[in-house]
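> Just to be clear, the model below is a prediction. Sequence and coordinates:
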Amino acid sequence: MNAATNISTNGSGHAERETALQFVGALVKQAGGDKGKLAGAAVGTARRGVRPKIGYLFTGNASVAVIGYYLLMFPGILLHELSHYVTARILGIKVTDFSLGPRRRKNSNTIELGSVSVYSGGTIRDSLVGIAPFAAGTAVLLLVSYMVFDVGALGRAWVSQGWSGFFVTAVTLPETPDDP
C-alpha cells in the first residue's frame, strides 16, 4: 500500500520553473484576481490531473519541494501507513516492510511517501487491510470535528428544530465564543 506523488526531473530545472509559472499565471487569469475563484481553479485543475509544482516555484529546488510537501502531509501519511500496519498485525498477516519518508522509486519518476508491504492473507483480510486507512481517517475526522469544532451542536439543532435550526446554527456557529 503506497502513497505516492509524481515529480518531474530534468537536468537544469528551468523547464519545471517555467511550467510552474505558466500554471500559476493561467490560474490567476482564470480566477480574475478573486482568491476564492483562484482556489477553486487550482482544485479543478488538480482534479484534471495537472500537477502544480508550486513548491518548486517557491524553492527552486525539487528536493526541498518534496521534503516540504512530505512534512505538510506527514500526519496523514503516518495515519494511513500505521492503519495498514496495525490492521495487518491484528489480522495475523506478516508485515515485511514498513517505511516512512520520501524516497524515489527505482526506474520511475515518482516519489514514494510511505509504504507497508504485507503477505497476502486472503481476499477478506487483504480487503480489511486495504480499507483500514479509510476507517481510521474517518474516525480521526469525526473525533476532531466533535472535540474541536463541536459539530454536535449541528446535530442537536437538527433534532430539535429541523433543517431551519441546522442552517441557523451552521451560520452562527463560527461566531459563538468557546466555553472557558
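Structure received.
> contacts, neighbours, all on C-alpha from now
OK.
> So residue 116: helix, strand or coil?
Following DSSP: H, G, I helix; E, B strand; the rest coil, the label given to residue 116 is strand.
> Spatially nearest residue to it (excluding sequence neighbours)?
Leaving aside its chain neighbours, residue 116 sits nearest to residue 98 (4.5 Å; criterion: Cα to Cα, 6 or more residues apart in numbering).
> give me every residue that touches the one you found.
By Cα atoms under 8 Å, 6 or more residues apart in numbering, the contact list for residue 98 reads 81, 85, 114-117.
> again, only using 7 Å
115-117 (Cα atoms under 7 Å, 6 or more residues apart in numbering).
> Most neighbours of all the residues you listed, which one?
Using other Cα atoms under 10 Å as the neighbour test, the contacts of residue 98 are led by residue 115, with 23 neighbours.
> Cross-check the contact I'm expecting between it and residue 80.
No: between residue 115 and residue 80 there is no contact under Cα atoms under 7 Å: 9.2 Å.
> Where is the longest helix in the chain?
Longest helix in the chain, counting residues (DSSP state H): helix 62-90.
> Give me the helices and strands touching it, please.
Packing partners of helix 62-90 (3 or more Cα pairs under 7 Å, 6 or more residues apart in numbering; DSSP states H and E): helix 54-59, strand 110-118, helix 123-147.
> tell me the most buried of these?
Greatest average neighbour count among these goes to strand 110-118 (a mean of 20), per mean count of other Cα atoms under 10 Å.
> Output the contacting helices and strands for that one.
The contact analysis (3+ Cα pairs under 7 Å, 6+ apart) places strand 110-118 against strand 2-6, helix 62-90, strand 95-104.
> got the buried residues for the longest one?
I take that to be helix 62-90. 62, 65-66, 70, 74, 77-85, 87-88 (16 or more other Cα atoms under 10 Å).
> what's the angle between it and strand 110-118?
Here the directions of helix 62-90 and strand 110-118 differ by 10 degrees (axes from the mean of the first three to the mean of the last three Cα atoms, to 10 degrees).
> could you check the angle strand 95-104 makes with helix 62-90?
Orientation of helix 62-90 against strand 95-104 (the same axes, to 10 degrees) gives an angle of 170 degrees.
> what pLDDT, on average, does helix 62-90 get?
Per-region confidence: helix 62-90 scores 91 on mean pLDDT.
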